[in-house]
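Peer 1: using only what follows, build the 3D model:
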Amino acid sequence: MAKPCGVRLSGEARKQVEVFRQNLFQEAELYHIISSNLEKIVNPKGEEKPSMY
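Peer 2: Modelled structure (predicted):
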């Protein structure tokens, strides 16, 4: 985790930062879920994919 840099935030700014962090983690979790399941969505039968090159 990043070290504090000595900047003091107001209570409202601190709340906004916390909401931003929560949203960021939620988006990262959704990205992980979607990317891990993408192969199942695109290729549900498990067939070999043709080469792109």
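Peer 1: just the pLDDT for the most centrally placed residue in the chain.
Peer 2: For the chain, the residue whose C-alpha lies nearest the mean C-alpha position (Cα atoms, centre = their mean) is A28; its distance is 1.0 Å. With respect to pLDDT, A28 scores 94.
Peer 1: buried residues in the host helix or strand of it?
Peer 2: Applying DSSP states H and E as the criterion places A28 in helix 11-42. If you call a residue buried by 16 or more other Cβ atoms under 10 Å, then helix 11-42 has no buried ones at all. In short, each C-beta sits where N, CA and C put it, glycine included.
Peer 1: gap between the residue nearest to the centre of the chain and E39?
Peer 2: 19 Å (Cβ to Cβ, to the nearest Å).
Peer 1: low pLDDT regions in this structure?
Peer 2: 1-4, 43-44, 46-53 (pLDDT under 70).
Peer 1: quick one on the thing from earlier: and the helix holding A28, how far from the chain's centre?
Peer 2: Taking Cα atoms, centre = their mean, to the nearest Å, the mean C-alpha location of helix 11-42 is offset from the chain mean by 4 Å.
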